[in-house]
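Student: Next input, structure requested:
(chains A and B)
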Amino acid sequence: MADVALQSSRTAGTQTARKQSSLRSVLNRKSTIAFLMALPLIVLIATLVIYPAFYAIHLATLNKSMARFIGLGNFEFLFKRETFWLVVKQSCIFAITAVIFKAVIGFIVAHFVHNIPAKGQRKWRGMLLVPWVIPPAMSTLAWLWLFDPSYSAFNYTLSFFGIGPIPWTGDPYWARFSVILVNIWVGAPFFMIMYLAALKSVPDQLYEAAAIDGANWWQRIWYVTLPMMRNIIAITTLFSLIVTFANFDIVRILTAGGPLDHTHIFATWAFRVGIEGSDIPLGASVSLFMVPILAVAAIFILRDISKRGNEA
Amino acid sequence: MTTLTIDKAGPTRKTKYGSMSRDRAWALRWSYFFLVIFAVFFLTPPIYMLITSLKTSAEISAATNPWWVFHPTLENYIGLLTSNQFLRFFWNSAIVSIFVVSITMLISVPAAFALSRMRFWGSTVLGTGVFLTYLIPETLLFIPLFKMFAVIGDVTGIQLINRWYVLLIIYPTLTVPFCTWIMIGYFASIPKELDEAALIDGASWFQTLTRIFIPVALPGLIAATIFAFTVSWAQFLYPLVFTTSTDQLVMPVGIITTLIKGDVFNWGQIMTGALLGAAPPLIIYAFLMDYYIAGLTAGATKG
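Tutor: So this is what the prediction gives:
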């Protein structure tokens, strides 16, 4: 309202028409300018995000040569394949395990960083965030080298403790473990930073009150810290769930889905089928299976945001 | 501030005198102990990259302690930095990242300004839409985008696939939504009185944006720039799908596809390449850590 009044007073000198219509034209102009400013964004999202998303649905209904409409034929074909169910299972295991460990490790590390004197915190925080800063493709290469079958530096170290050479990426179960481990390594620092920011926003008085009431450290975490951080924990976890579920780089570089497809997740399998196997419709069908879980997570995040918007 | 932080460190339920400070000291010691363990876990891969990059091929395949460099050498660095192919990757990455950052800023700053200050029909829906777009992962879009660009190539004759500049069109889909989102947050935190004062003084909307909003929200702008740069530098899936010729590749894909030849892994060079590929984001992070972290946390906390 204030804007409108100011606008009209500014342009009053040049406008000779009735006050009502000049107001309206100013309003018009303002919203037109705003629309023009946002236009590149709208065009970008419409042509390169929304259109491809619907195009993927269209592609998924075509046959391999993309000449014939086959309806849900690709999905029927997928449901009959054992590899597909393996991929579904692995994607869920991968995303859920990795996110839980990331959240727990992030929470613990954030607490330790928060515990130490404030002047040292910056240094530690800076050091602990490094895995998040390095491009995942590059750091996964380092892990690949650490997991190397013949020169693994881990196996060299473990051999001193009498632990035999571990087939980090050779054995299906170890390969799953390795992939999840690398993902935790990349993602935990992000949680740490988020939780640290949240910890800093918890008022000290609450802890003092809890201490006076005789709460031990566990009760303080359970009854003060966690409720105060609930929002951040929820939103970070959902964010991470989306990113982890849709992960590509780590699995692709570390195992490329092997051994025997036992580490494939949706994104890597869609790449294998759609780009490498040049069956674009089938690849599109595979990647569309990521939509439901993304939609659920998005709804939760959106609800959280609108709720906070109402509070403000 | 310092004393308060220490206060929380230790349990305070002991009745013995003098034990409180001792407990605090122990809690501090345990904190440091675990922090060191986590730091080792977090820093092992990058440090191992550095160790390996300083070794000769002979030393890498020898059965010596892999955690130590016995004969440090820079031959891997010299080899890569004098190879035209590698410099080409670096150059492609740099060009793509710089252009993408500029495009992102040109699109997202005006859009964020319009969405946070100037209401228009559908602006609230668009604001939410921008956020939702950020949640759509690239792994969902690469196949339809690939097909789209192939069709464009067939219909118009403009060859976009296997050209580095196709990345300039695609990367903004990753960077623009998030940058717009955090800029909306920063712009919204600027008091209304400031732009009202500018308008009274006769500033146009454009002047309000360039003279008031951009200078005031500069930290946010820096954070968004860093984010856009890091994302476009680190992106792996899109260049892997859209570019194949060695002269069109960017760093991450180039290192992985050219240095790994069949079963022969030249690990010294691979690790050197990986370290050089990780260097630009790491250097920016080292100097602008606070902005980096502000941008990281703004995405979720300002929402």
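
Student: So what's the residue count around residue A:287?
Tutor: Residue A:287 has 27 neighbouring residues, counting by other C-beta atoms under 10 Å in any protein chain shown. Placement of C-beta: from N, CA and C, glycine included.

Student: so what secondary structure elements neighbour whatever helix or strand it lives in?
Tutor: Using DSSP states H and E, residue A:287 maps to helix A:280-288. Helices and strands touching helix A:280-288, by 3 or more C-beta pairs under 8 Å, 6 or more residues apart in numbering or on different chains; DSSP states H and E, are helix A:51-60, helix A:73-80, helix A:266-271, helix B:138-156.

Student: Tabulate these (CSV), appending mean neighbour count and distance to residue B:284.
Tutor: Shown next, in CSV, are the helices and strands packed on helix A:280-288 (neighbours: other C-beta atoms under 10 Å in any protein chain shown; distance: least, C-beta to C-beta, whole Å):
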stretch, mean neighbour count, distance to residue B:284
helix A:51-60, 18, 30
helix A:73-80, 15, 42
helix A:266-271, 26, 27
helix B:138-156, 19, 22
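
Student: before we move on, back to that, now the helix holding residue A:287 - C-alpha only, PDB.
Tutor: Extracted as PDB, the C-alpha positions of helix A:280-288 are listed here (Å, rounded to 0.1, in the frame of the first residue of the first chain):
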ATOM      1  CA  ILE A 280      16.000 -43.800 -24.200                       C
ATOM      2  CA  PRO A 281      12.300 -44.700 -23.400                       C
ATOM      3  CA  LEU A 282      13.300 -47.400 -21.000                       C
ATOM      4  CA  GLY A 283      15.900 -45.100 -19.300                       C
ATOM      5  CA  ALA A 284      13.200 -42.400 -19.000                       C
ATOM      6  CA  SER A 285      10.800 -45.000 -17.400                       C
ATOM      7  CA  VAL A 286      13.500 -46.000 -14.900                       C
ATOM      8  CA  SER A 287      14.300 -42.400 -13.900                       C
ATOM      9  CA  LEU A 288      10.500 -41.600 -13.500                       C
END
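
Student: Need the contact partners of it.
Tutor: Residues from elsewhere that reach helix A:280-288, judged by C-beta atoms under 8 Å, 6 or more residues apart in numbering or on different chains: A:56-57, A:59-64, A:66, A:74-75, A:77-78, A:84, A:87, A:266-267, A:269-271, A:273-275, A:277, B:139-140, B:142-144, B:146-147.

Student: Figure out which of the helices and strands packed on helix A:280-288 is closest to residue A:246.
Tutor: Closest of those to residue A:246 is helix B:138-156, at 4.5 Å (criterion: C-beta to C-beta).

Student: Which secondary structure elements does the following helix or strand past that closest one sit against?
Tutor: Downstream of helix B:138-156, the first helix or strand assigned by DSSP H and E is helix B:166-170. Under the contact definition 3+ C-beta pairs under 8 Å, 6+ apart, helix B:166-170 sits against helix B:84-117, helix B:237-242.

Student: closest to chain A out of the ones you listed?
Tutor: Nearest of these to chain A, taken as C-beta to the nearest C-beta: helix B:84-117 at 3.9 Å.

Student: Quick check: buried residues in the closest one?
Tutor: Within helix B:84-117, the residues that qualify as buried are B:86, B:88-90, B:92-93, B:96-97, B:99-101, B:103-105, B:107-117, counting by 16 or more other C-beta atoms under 10 Å in any protein chain shown.

Student: Check stretch A:155-175 too.
Tutor: A:155, A:166-169, A:172, A:174-175.

Student: And the pLDDT for residue A:28?
Tutor: You'll see residue A:28 listed with a pLDDT of 58.

Student: Which neighbouring elements make contact with the helix or strand encompassing residue A:199?
Tutor: Element membership of residue A:199 [criterion: DSSP H and E] is helix A:172-200. Helix A:172-200 sits against helix A:82-115, helix A:118-128, helix A:130-133, helix A:136-146, helix A:226-245, helix A:249-254, helix B:19-53, helix B:289-301, with contacts defined as 3+ C-beta pairs under 8 Å, 6+ apart.

Student: so after it, what's the next helix or strand?
Tutor: helix A:204-212.

Student: pretty sure residue B:119 is touching residue A:33, no?
Tutor: No: using C-beta atoms under 8 Å, residue B:119 is not in contact with residue A:33, being 11.6 Å away.

Student: Could you report the neighbour count for the nearest residue to residue A:240 once chain neighbours are set aside?
Tutor: Leaving aside its chain neighbours, residue A:240 sits nearest to residue A:99 (5.1 Å; criterion: C-beta to C-beta, 6 or more residues apart in numbering or on different chains). Here the count is done by other C-beta under 10 Å, and residue A:99 has 24 residues near it.

Student: check contacts around residue A:99.
Tutor: Contact partners of residue A:99, counting by C-beta under 8 Å, 6+ apart, are A:187, A:237, A:240-241, A:244.

Student: Please report how far it lies from chain B.
Tutor: 15 Å (C-beta to the nearest C-beta, to the nearest Å).

Student: so where's the stretch 1-150 of chain B uncertain?
Tutor: B:1-20 (pLDDT under 70).

Student: Distance-wise, check the residue most central in space within chain A relative to residue A:297.
Tutor: The residue lying closest to the centre of chain A (C-alpha atoms, centre = their mean) is residue A:243, at 2.5 Å. Distance from residue A:243 to residue A:297, counting by C-beta to C-beta, to the nearest Å: 10 Å.

Student: what domains does the record give for chain A?
Tutor: A:2-60, A:75-311 (automatic domain parsing).

Student: how many neighbours does residue A:32 have?
Tutor: 12.

Student: Chain neighbours aside, what residue packs nearest to it?
Tutor: Residue A:32's closest residue in space is residue B:120 (C-beta to C-beta, 6+ apart), at 7.7 Å.

Student: Also residue B:57?
Tutor: Excluding the flanking residues, the one nearest residue B:57 by C-beta to C-beta, 6+ apart is residue B:268, at 5.7 Å.

Student: Any idea which of the domains of chain A has the lowest pLDDT on average?
Tutor: domain A:2-60 (a mean of 69).

Student: Return the distance of stretch A:130-145 from the chain's centre.
Tutor: 17 Å (C-alpha atoms, centre = their mean, to the nearest Å).

Student: Can I get that stretch in CSV, CA atoms only?
Tutor: C-alpha atoms of stretch A:130-145 as CSV (Å, rounded to 0.1, in the frame of the first residue of the first chain):
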residue,chain,number,x,y,z
VAL,A,130,36.3,-30.0,3.3
PRO,A,131,34.6,-33.2,2.0
TRP,A,132,31.5,-31.2,1.0
VAL,A,133,33.6,-28.7,-0.9
ILE,A,134,35.6,-31.1,-3.1
PRO,A,135,33.7,-32.0,-6.2
PRO,A,136,32.2,-35.5,-5.5
ALA,A,137,33.5,-36.9,-8.7
MET,A,138,37.1,-35.9,-7.7
SER,A,139,36.9,-37.2,-4.1
THR,A,140,35.3,-40.5,-5.2
LEU,A,141,38.4,-41.0,-7.3
ALA,A,142,40.5,-40.8,-4.2
TRP,A,143,38.2,-43.3,-2.5
LEU,A,144,38.4,-45.6,-5.5
TRP,A,145,42.2,-45.5,-5.1
